[in-house]
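Participant: Please find the sequence and the predicted model below.
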Amino acid sequence: MIFDNWQTLIIPTIIFSVFILIGNPIIVLTLMNMLGYTRKTSFLAGLTVAQISEFSLILIKLGFDIGHLSREIMSMVTLVGIVTIAGSTYMILYSDQLFKFVGKALSLFEFRKTVKLRARRDKDYKAIIFGYRRAGPEFAHAFRENKTKFLVVDFNPDTIQQLTRLKIPGEYGDASDIEFLNELPLRESKVIVSTVPDFEINLLLTQTVRRLNEDAVIIIIADTMEHAIELYAAGVTNVILSHYIGAHQAADMIMKFGLDAKKYEKIKEEQIKYLTGLKELSLRRFY
């Protein structure tokens, strides 16, 4: 970089930096909304491309070496790289706060496909499952066996399409969107299950449900004891600590089978059969 005429670099650097920091996310946001993803998912994905890459610096350096570009241009692009890489880092770090600030404005990027997917409503659902891929099939099977009418909510449009093919009632939406949550039949539901791995989303979901429905059973999957304690304090009925449950089962096997590897083979075969049955959202054996 050179700083002899740095004053002339300020304005073009600001223009290009603003274009990249704002323009790139808008392009990705638009494309992902056209594919059917929610505002928040599209927004978070857009923030990851809000900078020029090191490959841009390589191209500019090659142009300078063969005499096609001036040193001033190379300095400007380098400065744009510094600004956008630093800026996008903080945008990603404070993405949740940014979304709260611009979330309503992003509704301009919601297209008909999203609206149609959200339009399917039924007030008779007695159970709602948030998030399907992590542990949803098990809960769906339990509700079907109990003859409980349930709804699956997921923010992946591909998952919703697969559920439709399996004739499983699904609703496309983001559990972190308070407006979307208020549209769901939470008041009438008896059981709310969340397999979403995000603690903040589960906390918001719990608070929303408790505001609308004090009697509903809320079951949440958590990753840490600290999160479990906070979720219980917010009103969750039961918190599933998957890591601790798995570790407890493994410890029981050690106590039961000792160090004999052959005794673990039967358990291994049963687990492989079980996991194969759930692979790729397969509930065909239940439906």
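Facilitator: That came in fine, so what should we check first?

Participant: Just the buried positions in the helix or strand hosting residue 88, please.
Facilitator: Here residue 88 sits within helix 71-93, counting by DSSP states H and E. Neighbour-count burial for helix 71-93 flags 72, 74-81, 83-84, 87-88, 91 (criterion: 16 or more other Cβ atoms under 10 Å). Heads up, the C-betas are built off the backbone N, CA and C, glycines and all.

Participant: What ranges does the stretch 151-287 of the chain have for its helices?
Facilitator: In the stretch 151-287 of the chain, the helices defined using DSSP state H, counting those that start in this stretch lie at 157-165, 178-183, 199-212, 225-234, 242-257, 265-278.

Participant: Of the buried residues of helix 71-93, which is the nearest to residue 50?
Facilitator: residue 88 (3.9 Å; Cβ to Cβ).

Participant: now for the helix holding residue 88, which elements pack on it?
Facilitator: helix 6-18, helix 39-47, helix 54-65 (3 or more Cβ pairs under 8 Å, 6 or more residues apart in numbering; DSSP states H and E).

Participant: could you give the angle of it to helix 6-18?
Facilitator: Computed by axes from the mean of the first three to the mean of the last three Cα atoms, to 10 degrees, the angle separating helix 71-93 from helix 6-18 equals 40 degrees.

Participant: CA atoms only: put helix 71-93 into PDB for me.
Facilitator: Extracted C-alpha coordinates of helix 71-93, given in PDB (Å, rounded to 0.1, in the frame of the first residue of the first chain):
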ATOM      1  CA  ARG A  71      -0.400   1.000  -7.500                       C
ATOM      2  CA  GLU A  72      -3.200   3.300  -6.400                       C
ATOM      3  CA  ILE A  73      -5.800   0.800  -7.500                       C
ATOM      4  CA  MET A  74      -3.900  -2.000  -5.700                       C
ATOM      5  CA  SER A  75      -3.800   0.100  -2.600                       C
ATOM      6  CA  MET A  76      -7.500   0.900  -2.800                       C
ATOM      7  CA  VAL A  77      -8.500  -2.700  -3.200                       C
ATOM      8  CA  THR A  78      -6.300  -3.700  -0.300                       C
ATOM      9  CA  LEU A  79      -7.900  -1.100   1.900                       C
ATOM     10  CA  VAL A  80     -11.400  -2.300   0.800                       C
ATOM     11  CA  GLY A  81     -10.300  -5.800   1.800                       C
ATOM     12  CA  ILE A  82      -9.200  -4.600   5.200                       C
ATOM     13  CA  VAL A  83     -12.500  -2.700   5.800                       C
ATOM     14  CA  THR A  84     -14.800  -5.400   4.500                       C
ATOM     15  CA  ILE A  85     -13.100  -8.300   6.300                       C
ATOM     16  CA  ALA A  86     -13.100  -6.400   9.600                       C
ATOM     17  CA  GLY A  87     -16.600  -5.100   9.100                       C
ATOM     18  CA  SER A  88     -18.100  -8.400   8.100                       C
ATOM     19  CA  THR A  89     -16.500 -10.100  11.100                       C
ATOM     20  CA  TYR A  90     -18.400  -7.800  13.500                       C
ATOM     21  CA  MET A  91     -21.600  -8.100  11.400                       C
ATOM     22  CA  ILE A  92     -21.400 -11.900  11.900                       C
ATOM     23  CA  LEU A  93     -20.500 -11.600  15.500                       C
END
